[in-house]
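Student: please find the sequence and the predicted model below.
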Amino acid sequence: MTQSSSQHGMGSPISNEAYNVITALQSKLEALEAYRTYSKDSQSDLWRHLTDQELQSVDRLAGELERLVRDGQFRVRGSKAA
């Protein structure tokens, strides 16, 4: 992106760090949904174990997202609220 396009508000309104956390969180939530589906086809503890690990990651990522918002690091500086 050129400097002029970012000056005209065409860039992302959220910080790169926030974007990365949101993207990782989305991936973890999608994994949880997949494990829920897979567990219907199996009595294995594998899916429960993997779900527990993903839930820990989701908790950590959600906490990090909350911290970014609380510390004013969610939005790009100068970005206006919609």
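Tutor: Ah, there it is.

Student: for the rest of this, base every contact and every neighbour count on C-alpha atoms.
Tutor: Noted.

Student: for this protein, just list every one of the helices.
Tutor: 3-7, 16-39, 46-70 (DSSP state H).

Student: name the helix or strand of this protein that has the lowest mean pLDDT.
Tutor: helix 3-7 (a mean of 44; mean pLDDT, DSSP states H and E).

Student: in this structure, which residue is most central in space?
Tutor: Relative to the mean C-alpha position of the chain, the nearest C-alpha, by Cα atoms, centre = their mean, is the one of residue 22, at 2.1 Å.

Student: grab the nearest non-local neighbour of it.
Tutor: residue 65 (7.4 Å; Cα to Cα, 6 or more residues apart in numbering).

Student: just give me the neighbour total for the one you found.
Tutor: 21 (other Cα atoms under 10 Å).

Student: could you do residue 32 as well?
Tutor: Neighbours of residue 32 under the rule other Cα under 10 Å: 21.

Student: pLDDT below threshold where in the protein?
Tutor: 1-10, 78-82 (pLDDT under 70).
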